[in-house]
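Student: quick one: sequence and predicted model below, then my questions.
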Amino acid sequence: MKLLQDGGFFDAAAVSGHKLTPKSVLLLDVKIHCLDESGRLVERTIIDCGTSAVSGDYYVIQDENGMKTQIIAAELDEICVD
């Protein structure tokens, strides 16, 4: 992400040392299948992704009711069933 700072561009990704991988961005709007808390197979949509200096890559997934949940990349790998 580049932000305007003092008449020039500030590259937040370069400063943090983290960059979204092309794979992360390609997952936007992808529907995933996972198990909910009761063990039922449900569909979620990846609606956003980013990189945190603390957590690394993260994703925002949304259920059929519009409920959004932010998870890290390792959690995404754990919850996907296909």
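Tutor: Received it, and whenever you're ready, just let me know what you need. Not measured: the values here are computed from a predicted model. Residues are numbered from 1 along each chain as shown.
Student: so, low pLDDT: which residues of this protein?
Tutor: Applying pLDDT under 70 to the chain flags residues 1-23.
Student: strands of that one, start to end?
Tutor: 2-5, 8-11, 31-35, 41-52, 56-62, 68-72 (DSSP state E).
Student: any idea which of these gets closest to Val81?
Tutor: Closest to Val81 of the strands of the chain is strand 31-35 (C-beta to C-beta; 5.3 Å). Quick note: C-beta positions are derived from backbone N, CA and C, even for glycine.
Student: can you tell me the closest non-neighbouring residue to Glu43?
Tutor: Excluding the flanking residues, the one nearest Glu43 by C-beta to C-beta, 6 or more residues apart in numbering is Lys31, at 5.4 Å.
Student: likewise Val42?
Tutor: Excluding its sequence neighbours, the residue lying closest to Val42 (C-beta to C-beta, 6+ apart) is Asp36, at 4.8 Å.
Student: okay, and the beta partners of Val60?
Tutor: Assessed by DSSP bridges, Val60 has beta-bridge partners Asp48, Gln70.
Student: surely Asp48 and Leu28 touch.
Tutor: Yes - the criterion here is C-beta atoms under 8 Å, and Asp48 meets it with Leu28 at 7.3 Å.
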